[in-house]
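Chemist: Whatever this is, show me its structure:
(3 chains)
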Amino acid sequence: MAILFQGTKQQELELKEVIEKHKDQRGALMPVLQKAQEIYGYLPIEVQKMIATGLKIPLEEIYGVATFYSLFSLNPKGKYRISVCLGTACYVKGSGDIFDAISQKLGIKNGECTPDGKFSLEACRCIGACGLAPVMTINDDVHGRLTVNDIDKILSQY
Amino acid sequence: METVNIKINNIPMTVKKGLTILEAAREAKIEIPTLCYLKEINEIGACRICVVEVKGAKSLVASCVYPVADGMEIFTHTQKVLDARKINLELLLSNHHQDCLACVRNNNCELQKLCLELGVTNSQEFKGEKQNFEIDNSAKHMYRDNNKCILCRRCVAVCSKNQDVSVIGCNDRGFKTHVGCAFEKGLGDTACVSCGQCIVACPTGALSEKDHTDKVWEAISDETKHVIVQPAPSVRVTLGEEFGLPIGTDVTGKLAAVLRRLGFDKVYDTDFAADLTIVEEANELIERIKTGGVLPMITSCSPGWINYMEHFFPEFIPNVSTCKSPQQMFGAIAKTWYAEKNNIDPKDIVVVSVMPCTAKKYEVDREYQNAAGENIPDVDISITTRELARMIKKARISFESLPDEEFDKSLGISTGAATIFGATGGVMEAALRTAVETLTNNKLDKIDFEEVRGLKDIKKASYKIDNLEIRVAVASGLANARKLLELVKSGEEKFNFIEIMACPGGCINGGGQPIQPASVRNFTDIRQKRLDALYNQDKNTKIRRSHENPAVVKIYQEYLEKPGSHKAHEILHTKYKEKSPF
Amino acid sequence: MKSIKDLNLISEQMKYIIDIRKNNTPTDNQYKKHILVCGGTGCTSSNSELILERLNQELQRHSLDDKIKTVKTGCFGLCALGPIMIVYPEGTFYSMVKPDDIPEIVESHLLNNQIVKRLVYSETLTDDGVKSLSETNFYKKQKRVALRNCGVINPESIDEYIATGGYQALSKVLTSKTPDDVINIIKDSGLRGRGGGGFPTGLKWSFAKASESDQKYVCCNADEGDPGAFMDRSILEGDPHVVIEAMAIAGYAIGASQGYVYIRAEYPIAVKRLEIAINQAKDYGLLGNNIFDSNFNFNLEIRLGAGAFVCGEETALMTSIEGHRGEPRPRPPFPAVKGLFEKPTVLNNVETYANIPQIIINGADWFASMGTEKSKGTKVFALGGKIKNTGLVEVPMGTTLREIIEEIGGGIPGGKKFKAAQTGGPSGGCIPAKHIDVPIDYDNLIAIGSMMGSGGLIVMDENNCMVDIAKFFLAFTVDESCGKCTPCRVGTKRLYEILDKITKGQGTMEDLDKLENLCYYIKENSLCGLGQTAPNPVLSTLKYFKDEYIDHIQNKKCTAGVCKDLLSFYILPDKCKGCTLCARKCPVGAISGGIKSPHVIDASKCIKCGACFDGCKFGAIIKK
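Modeler: Have a look, this model is predicted:
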């Protein structure tokens, strides 16, 4: 389902500034995509077209890059982005079960967003907090040493 | 020449330094199988079918990109190598909709051939999830069936490197990797220029032209229709390949014969219209030069180039000749002058073109291409060389044993200048022959403009005609076209006249031509062979100047008055429109 | 800064730092005590920022802020005990500190000299006070070279780095060594790449130096992709200048004036500190033009990764910096000849660079004196999984797994039995108990079917299923394969599917043969290191734990109790007290039963999440 693009003039100006700053730099595409995603939260076609025009890179090439790297998203994320670490250290301590339980509870799969736009769920590979395994993050909050039984309580805080 | 000493399968040999193992092995009379490798276009070592063993290497190496080194010992068919190639094919098959019997490339598929040669006996050796793609039929000229794609990326490479169009590329990653357009749009919703170079690069049936032969069969069997056919200049030097004749065989006589036997009411020739185009276009050039019109003028006969220009360089619209392409001029004349003269309602005439080109399928549907009135397209059906071959095979006509015949008069009369339209630089040379003689009112002794011939990316030449210096440039392949246009845009170079062909080498290498596998393309310049055949025909033709084509002369006398006349404009000229670059 | 004199001046001014923190000696400096709070990702995740904030507030409140210096450092290594703080000069080690503990620590310890015993790491507590951290089991067998400044200095202060001898190595090479000297020192030291393959670093540099070009590049791989390894992150967070200094030295050695650090975007703290460090180095003239008046120019740029494991592969990393899909390309040509932007390029990872300045300062022989015959120096391991002291440890090459796991790591919690240690991440293998005494170095690990990789070391116990672990790594590889070459794109997917079939109890013995054949095919035929090593987790588990595979296939059994399809949860009626907790915990309502009467699980509804199992206080729920 296509989501209506709601970019503002302000965002567009910001993006143009970024493009202007990077356009003569070699290998500018990645930094520009990263900044664009910071500005818009995701990389819809409207944004990628602006980048294509600004950096003189074919749209398909940009799309190919955007779909190659897992941190780039073509869809807006939820208000609260849940990211469960499925790195080895977390996995051997049961983060797979944590992920499944959240998925079950929210009724969404990896990369999806709840219909109300509140939560989105994704798996990530190691945030480097292996000492706290198993770990998940919700936006910038880190929740560590999790068990399946903690899920309800944590989600209810949001 | 610097050389290295190597051993291939224990046999010592000396080869040129810098060769790949693949090339060195070929010198040892071993053809290592390849899939993704296209020389100078796609050298990415991705498919791994060409692996060989190199003594001391920790794994098998991809011979297509691995250079030989002094003392190297190479083994090209050890058990390990043979097993690896077989597993590789089995894995490809495990994610391939094995629909060979109904596939357009059945019997002409590189994957199929390798499976046979390398001993794949169980096409279901590996079972598992298969990618499921919808067939993309959004473009006018072709299908993309990713279910048959093996991700060799040859199409991606030609689209970006040769053609600078870049509407296809690899999306996603890992097992989900697939070739597609931005945001998974259909090709028809992108800036695809319909050149079809991807199709001729594809080793499998993943990419194919839209087959319009059913429409032709239907027209032929409809007795109320007057069906006339026009094959393009280059088709006569490529069609033979479909019937096992050597690349570059001139089959003009058999072509006329076979078209007649297929049941067309009249067998005419696009070459006639090519001559007409030259007369009209040379006149346009002279007018522009004389009246201070927009220069450089750029040719308009390649519809892939026209699409490219409209999408990516719309600022050049005023520069492009307004002349329709020969295909369209033919149709326009057929449905006006020819219809009137023979008292046939143009609505009952079906013009079929046989083209080296897939963009022609797009061109027949363009706006401003209906000289006989609204809803009467100049050309009704455009099929490719490959589709014509398919018709011949379906009709079970023994092409190779046909006698040579002539095209019908008078829309089948042509000159040597028209023949060379099929090669890069050919339109330029044909136009120069006519323009120079018209400007100087003098018959040239030598009409070979060698400077604009050949396969160089961009060719430039300068001719002094009386007091006038004419600077010309020729580019084929759209990436080269871009380079040339950038030169013009920046003002770095000035030209009066430019020829651009979308396909590298011109129509002889068009997207509708017979498909030669990479194993041939990597070691033979098929373009050169096809091109030589065209120039050879030109050399041996009596009339070699378009303006001397008696049929063309007659049409102006009877109908169009003179080149560039109001009537000529109504019938033979067209318009262009800016399009989105995405 | 133009000369060594300037550098030494700062070093002298800052010397008190070393006195207090490293030598545990009081100084005349206004700050008599230093309190170091760990600001690594692990501790930050458990609120160390807030602890520092509270600490500063309390110090201010008691007017101690001009006598006691607080420092946010990088990772101490002992992440399991985080958040961590240390009070110097005496070195009191507080662990698992909460913000609310701060007032107590300030009042009791800082004002009244009474340490807060309940928060002190128990192992450091002695009858008459505390003992140094370096005497604890966790630290005493460690030898910190790459991690030497982590947890010691403020990573956002270039002066503190200089105080520990920072930038002395750069000044030394620029003023008294030729590029060839530098390369020879590195060669002689025996340093091998710490990121994966273990290629000799000096040799790599010499190749790049030998390539003629108008421009060359030095790159740093900080795209730590192994899920479970975090030493590179810790070094960048704890000691970013060491990487800058080393890259400048590499630039001088090969003749490059531009460097790139390619770093995971998932490491925001590391990125920020590296940015700060680069700016400081520029301000001091330690990056830029004419460094130490030597005519040597060197600049650094940061490039962020965007979530692609394959970008740890050198050619893929460069392709990514160039702004493309991070797909590897065939070698030759090698990066030393044709690398980034088609120019000669040297790429090393963070830990490799972190060794360089010390090698220059202390000499090749010093470095070569540590380690084994073919693997010199130390190696940092990220210890994780079923182990008490999760964290970062740095030990001399040749230390045994047993020493790391049992002594440094404190063994496996819960009295469980050691089953295997996984090293090398998705490219490595599982080492069984029988090899626990093998001295770890590059070659030994390969010999026993694993590899060093970046140094992730995940400990597994009897509750880990080895088929499941192999499947876990293959799922990772399938996800992270770039999709360019056939063996990796399709082959790993098929490997995964066979493993999945086995974990579901649907495998056959023929599948085992097929699995093994396919593994060898993928190893031999893949385009890059990712594919070539992807089968290792399968091959090593097949080698050492084949019986587990067979158990899954023939007996449809997962003894470890992990593979859900082979497993059911039951409630033992005689143990169930009918407390209803499990029924409430069950996310799918599969458990029913009245209050105070035994409950039952409806197997058709159960999703085997284990919430009931984890929650039951009476041990009434079993899985089999």
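Chemist: domains in chain A, as residue ranges please.
Modeler: Using automatic domain parsing, the domain ranges for chain A come out as A:9-68, A:80-156.
Chemist: Next: chain B.
Modeler: Listed by automatic domain parsing, the domain ranges of chain B are B:3-77, B:97-208, B:214-572.
Chemist: before we move on, back to that, closest to chain C out of the domains of chain A?
Modeler: Minimum separation from chain C across those (Cβ to the nearest Cβ) falls at domain A:80-156, 2.7 Å. Any C-beta I mention is one placed from the backbone N, CA and C, and that applies to glycine too.
Chemist: first to last residue in the closest one, what's the distance?
Modeler: Start and end residues of domain A:80-156 are separated by 12 Å (Cα to Cα, to the nearest Å).
Chemist: B:Trp337: what secondary structure?
Modeler: Three-state assignment for B:Trp337 (DSSP: H, G, I helix; E, B strand; the rest coil): helix.
Chemist: what residues are up against the residue nearest to it when sequence neighbours are not counted?
Modeler: In space, and not counting its chain neighbours, B:Trp337 is closest to B:Tyr559: 4.7 Å by Cβ to Cβ, 6 or more residues apart in numbering or on different chains. Going by Cβ atoms under 8 Å, 6 or more residues apart in numbering or on different chains, B:Tyr559 touches B:Thr336, B:Trp337, B:Lys567.
Chemist: Among these, which one sits closest to chain C?
Modeler: Of those, the one sitting nearest to chain C (Cβ to the nearest Cβ) turns out to be B:Thr336, at 52.2 Å.
Chemist: That closest one: how many residues sit nearby?
Modeler: Using other Cβ atoms under 10 Å in any protein chain shown, B:Thr336 has 22 neighbouring residues.
Chemist: surely it meets B:Ile376?
Modeler: No. Using Cβ atoms under 8 Å, B:Thr336 is not in contact with B:Ile376; the gap is 9.6 Å.
Chemist: joint contacts of those two?
Modeler: In contact with both B:Thr336 and B:Ile376: B:Pro346, using Cβ under 8 Å, 6+ apart.
Chemist: Pick the one among the contacts of B:Tyr559 closest to chain A.
Modeler: Taking the contacts of B:Tyr559 together and measuring to chain A by Cβ to the nearest Cβ, the closest member is B:Thr336, at 41.2 Å.
Chemist: picking up where we left off before, mind putting the contacts of B:Tyr559 into JSON lines with pLDDT?
Modeler: Below are the contacts of B:Tyr559 laid out as JSON lines (pLDDT from 0 to 100):
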{"residue": "B:Thr336", "pLDDT": "97"}
{"residue": "B:Trp337", "pLDDT": "97"}
{"residue": "B:Lys567", "pLDDT": "96"}
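Chemist: Export the residues you listed as CSV, with columns for distance to C:Ala306.
Modeler: Shown next, in CSV, are those (distance: Cβ to Cβ, whole Å):
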residue, distance to C:Ala306
B:Thr336, 59
B:Trp337, 62
B:Lys567, 61
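Chemist: which parts of chain A sit against chain B?
Modeler: Counting by Cβ under 8 Å from any Cβ of the partner chain, chain A comes close to chain B at A:45, A:48-49, A:52-53, A:58-64, A:67-68, A:74.
Chemist: Could you restrict those to the ones contacting chain C?
Modeler: Contacts with chain C within those, as defined by Cβ under 8 Å from any Cβ: A:Glu61, A:Gly64, A:Phe68.
Chemist: Torsion angles phi and psi at the spatially closest residue to B:Arg530 that is not a sequence neighbour?
Modeler: Nearest non-adjacent residue to B:Arg530, counting by Cβ to Cβ, 6+ apart: B:Ile508, 3.8 Å away. With angles defined as degrees, to the nearest 10, B:Ile508 sits at phi -60, psi -20.
Chemist: Same question for B:Gly169.
Modeler: According to degrees, to the nearest 10, B:Gly169 has phi -170, psi -180.
Chemist: show me the contacts for it.
Modeler: Taking Cβ under 8 Å, 6+ apart as the test, what B:Gly169 contacts is A:Pro58, A:Glu60, A:Glu61, A:Tyr63, A:Gly64, B:Val156, B:Cys159, B:Ser160, B:Val179, B:Gly180.
Chemist: again, 6 Å this time
Modeler: Going by Cβ atoms under 6 Å, 6 or more residues apart in numbering or on different chains, B:Gly169 touches A:Glu60, A:Glu61, A:Gly64, B:Val156.
Chemist: What strand or helix carries whatever residue of chain C ends up closest to chain B?
Modeler: Closest approach between chain C and chain B, counting by Cβ to the nearest Cβ: C:Gly483, at 2.9 Å. Using DSSP states H and E, C:Gly483 sits in no helix or strand.
Chemist: Report pLDDT for it.
Modeler: The model reports C:Gly483 with a pLDDT of 97.
Chemist: Tell me how many other residues surround it.
Modeler: Around C:Gly483 there are 24 other residues, counting by other Cβ under 10 Å.
Chemist: and what of A:Arg81?
Modeler: The number of residues packed around A:Arg81, counting by other Cβ under 10 Å, is 17.
Chemist: Check B:Asp70 too.
Modeler: 11.
Chemist: Equivalent analysis for the one 3 residues further on, please.
Modeler: Other residues within reach of B:Glu73, judged by other Cβ under 10 Å, total 15.
Chemist: need the contact list for the residue in the stretch 451-600 of chain C that chain A sits nearest to.
Modeler: Using Cβ to the nearest Cβ, the closest approach of the stretch 451-600 of chain C to chain A is made by C:Ile458 at 4.9 Å. Counting by Cβ under 6 Å, 6+ apart, C:Ile458 touches A:Thr88, A:Ala89, A:Val92, C:Gly228, C:Gly384, C:Gly385, C:Gln422.
Chemist: one more time with 7 Å, if that's ok
Modeler: By Cβ atoms under 7 Å, 6 or more residues apart in numbering or on different chains, the contact set of C:Ile458 is A:Thr88, A:Ala89, A:Val92, C:Gly228, C:Gly384, C:Gly385, C:Ala421, C:Gln422.
Chemist: Over to C:Ile17?
Modeler: By Cβ under 7 Å, 6+ apart, C:Ile17 lies in contact with C:Glu160, C:Ala163.
Chemist: Go again with 10 Å.
Modeler: C:27, C:29, C:31, C:34, C:69, C:71, C:88, C:152-154, C:157, C:159-160, C:163-164 (Cβ atoms under 10 Å, 6 or more residues apart in numbering or on different chains).
Chemist: Checking the nearest residue to B:Ile41 once chain neighbours are set aside next. Helix, strand or coil?
Modeler: Among residues not flanking B:Ile41 along the chain, B:Ala157 sits closest, at 4.9 Å (Cβ to Cβ, 6+ apart). Under three-state DSSP, B:Ala157 falls in the helix class.
Chemist: I figured B:Ala157 was touching B:Glu43, is that so?
Modeler: Yes. With contact defined as Cβ atoms under 10 Å, B:Ala157 and B:Glu43 form a contacting pair (8.8 Å).
Chemist: got any residues that touch both of those two?
Modeler: Listed as contacting both B:Ala157 and B:Glu43 by Cβ under 10 Å, 6+ apart are B:Cys36.
Chemist: at contact distance from chain B, anything in the host helix or strand of C:Gln532?
Modeler: Using DSSP H and E, C:Gln532 sits in helix C:529-533. Yes. Judged by Cβ under 10 Å from any Cβ of the partner chain, helix C:529-533 and chain B are in contact via C:Gly531, C:Gln532.
Chemist: average pLDDT across that helix?
Modeler: Averaged over helix C:529-533, pLDDT sits at 94.
Chemist: now that helix, how far from the centre of its chain.
Modeler: Centroid separation between helix C:529-533 and its chain, computed with Cα atoms, centre = their mean, to the nearest Å, is 20 Å.
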